[in-house]
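S.K.: Predicted model and sequence follow; I will ask about them next.
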Amino acid sequence: MEMLWKCGTVVVTSMMELWAAIPLGFALQLPPLLIGIFSAIGAVASAGIVIFLGGSLRSWLLQRLEKKGKRQGKMARIWEKYGVIGLGLTSPLLTGAPLGAAIGISLGAPTGKLMWWMSIGIVIWSVILTIAVALGLLQFLTP
């Protein structure tokens, strides 16, 4: 039961922020493989919720961007240069999965393609961050 609680905590935390979920998983003393899997599951779930239930969010964001007159920011530049693939691969690291998904929707990305590339980006960054934290912890634990 305790393992279920710990894994659930990592999932819920990664739904908000992947960067926070991985160190939390290590703090809860979960195995690195479970940390990577459950942090990716939570981030993919939050991206999916935003992407597939984000029609009204898209309208609101588009109105807001039109008021400013121009799309701005790092993610808009990545979108203009690399499209859905660049946005999907970089946003889990730069903005977090839910915000990256919202940005993709607001920029008019096709939902299926956005979900696919966001999922790939989330898995890649979950693996990289989990390995980085694991290796960093091992460095401090070895004499």
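M.R.: Good, I have the coordinates.

S.K.: Determine the longest helix present in this structure.
M.R.: Counting residues, the longest helix found in the chain (DSSP state H) is helix 111-141.

S.K.: Which strands or helices does it pack on?
M.R.: Counting contacts by 3 or more CB pairs under 8 Å, 6 or more residues apart in numbering; DSSP states H and E, helix 111-141 is packed against helix 18-27, helix 32-52, helix 74-94, helix 97-106. The C-beta positions use only the backbone N, C-alpha and C, and glycine is treated the same way.

S.K.: ranking those helices by burial, who's on top?
M.R.: Across the helices and strands packed on helix 111-141, averaging neighbours per residue (mean count of other CB atoms under 10 Å) puts helix 97-106 on top, at a mean of 25.

S.K.: got the angle for that one vs helix 111-141?
M.R.: Taking axes from the mean of the first three to the mean of the last three CA atoms, to 10 degrees, one finds helix 97-106 and helix 111-141 inclined to each other by 150 degrees.

S.K.: name the helices or strands packed onto helix 97-106?
M.R.: Secondary structure elements in contact with helix 97-106, counted by 3+ CB pairs under 8 Å, 6+ apart, are helix 2-16, helix 32-52, helix 55-68, helix 74-94, helix 111-141.
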